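Enquirer: this one's sequence-less:
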Ligand SMILES: [Zn+2]
């Protein structure tokens, strides 16, 4: 019996840590590791370390692996060029041709995209979107990322950066965003956004709340859902406002792409009914009649898994099929 396995290396690049995984087409992870991204001033040295780690693993494993390619999810990753372009949270400045550095080192095809697009592809290959050709993935982390799948393909647009829902303006002259604009959706709907809402509510509302004695930096998004669960009025109100803002924006996006489903992923999605209920309500209220009652809002099926690594690997599996 052959023990040879066709696998892909998935790489998820974050500002502090990079996660690696060797994955087969069923989504089984044979190897997981992480490398500190910020320890490498030069991306070539970074790739060198990843290569060595993977070599060490494959040569010491009892199984035989055939590596078919390298998939990468990275902030500001451009699938067309294979470059990371001007990523604000990485110490590699300007344009970094990461896909070509990896492809050369591993002598294999390498593909790169941004993290939210990788999550969308991960859902399509390994998750709950396996039979879907039109859906939307929203990642709710520090910011808000989105991946749009239309007619079975990710929408990249003219230059590779399509689907920046996080930076659609939802409030004129609203909260200042990290991108420099004001009123972007992610300043309201993200882990940071809901924290800002909690603190805004604390100053405008006299209700009792566990957050009254805490400072901004002490609060994590997870604590807000715990507080809502315990009946904290400020936390409950914050979720209502966050869901309302998200639902209204999703109704607009539905008018653009008519998806079958919208998946939520990331820390805030773990808040369950607290975020899903007000989001669904606001979306339905704002949908055109022709779309009403047709679009599901679902938690990602990969919520508990390493979707970023799986999604990066899925990029290669998608192009192999
Ligand atoms: Zn913005």
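Expert: Received the coordinates, thanks. Quick caveat: nothing in here was measured; it's all calculated off a predicted structure.
Enquirer: show me the shaky parts of the protein.
Expert: Scanning the chain for pLDDT under 70 picks out the ranges 1-2, 321.
Enquirer: who in it is up against the ion?
Expert: 167, 177, 179, 181, 184 (CB under 5 Å from the ion). For glycine as for every other residue, the C-beta is placed from the backbone atoms N, C-alpha and C.
Enquirer: in ChimeraX, select just the buried ones from those residues.
Expert: A single ChimeraX command is used to select the members of these judged buried by 16 or more other CB atoms under 10 Å:
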select :167,177,184
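Enquirer: got the residues of the chain next to the ion as JSON lines, with secondary structure columns?
Expert: Listed next are these as JSON lines, based on DSSP: H, G, I helix; E, B strand; the rest coil:
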{"residue": "167", "secondary structure": "helix"}
{"residue": "177", "secondary structure": "coil"}
{"residue": "179", "secondary structure": "coil"}
{"residue": "181", "secondary structure": "coil"}
{"residue": "184", "secondary structure": "strand"}
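Enquirer: let me know the closest of the residues of the chain next to the ion to residue 284.
Expert: Nearest to residue 284, judged by CB to CB, of the residues of the chain next to the ion is residue 184 at 23.8 Å.
Enquirer: quick one: contacts for that closest one?
Expert: Contact analysis of residue 184 by CB atoms under 8 Å, 6 or more residues apart in numbering lists 166, 167, 168, 169, 170, 174, 175, 177.
Enquirer: for ChimeraX, what selects the buried ones among these?
Expert: Buried residues among those (16+ other CB under 10 Å), as a ChimeraX selection:
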select :166,167,168,170,175,177
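Enquirer: which one of the contacts of residue 184 is nearest to residue 158?
Expert: Taking CB to CB as the measure, residue 158 lies nearest residue 167 of the contacts of residue 184, at 16.7 Å.
Enquirer: chain neighbours aside, what residue packs nearest to that closest one?
Expert: Of all residues not flanking residue 167 in the chain, residue 184 sits nearest, at 4.7 Å (CB to CB, 6 or more residues apart in numbering).
Enquirer: what about that neighbour, distance to residue 307?
Expert: Distance from residue 184 to residue 307, counting by CB to CB, to the nearest Å: 24 Å.
Enquirer: show me where the stretch 201-321 of the chain has its strands.
Expert: In the stretch 201-321 of the chain, the strands defined using DSSP state E, counting those that start in this stretch lie at 261-265, 296-299.
Enquirer: how about the last one: buried residues?
Expert: Put plainly, it is strand 296-299. Going by neighbour count (16+ other CB under 10 Å), the buried part of strand 296-299 is 297, 298, 299.
Enquirer: how far off centre is that strand?
Expert: 15 Å (CA atoms, centre = their mean, to the nearest Å).
Enquirer: pull up the pairing partners for that strand, direction included.
Expert: strand 261-265 (parallel) (DSSP bridges).
Enquirer: which residues are in contact with the partner strand?
Expert: 119-120, 123, 127-129, 132, 135-140, 250, 254, 275-276, 279, 295-300, 302-303, 307.
Enquirer: go again using 6 Å as the cut-off
Expert: 119, 123, 135-139, 250, 296-300 (CB atoms under 6 Å, 6 or more residues apart in numbering).
Enquirer: over to stretch 281-288?
Expert: 244, 247, 248, 250, 251.
Enquirer: hmm, the second one is touching residue 277, no?
Expert: Right, residue 247. No. Contact criterion CB atoms under 6 Å: residue 247 and residue 277 do not qualify, at 9.8 Å.
Enquirer: what about the two, which has more around it?
Expert: Neighbour comparison, residue 247 and residue 277: the larger count goes to residue 247, with 25 against 15 (by other CB atoms under 10 Å).
Enquirer: list the contacts of the more buried one.
Expert: 279, 282, 283.
Enquirer: count of residues packed around the closest residue to it other than its chain neighbours?
Expert: Once flanking residues are discounted, residue 247 sits nearest to residue 282: 2.7 Å by CB to CB, 6+ apart. Applying other CB under 10 Å, we find 21 other residues in the vicinity of residue 282.
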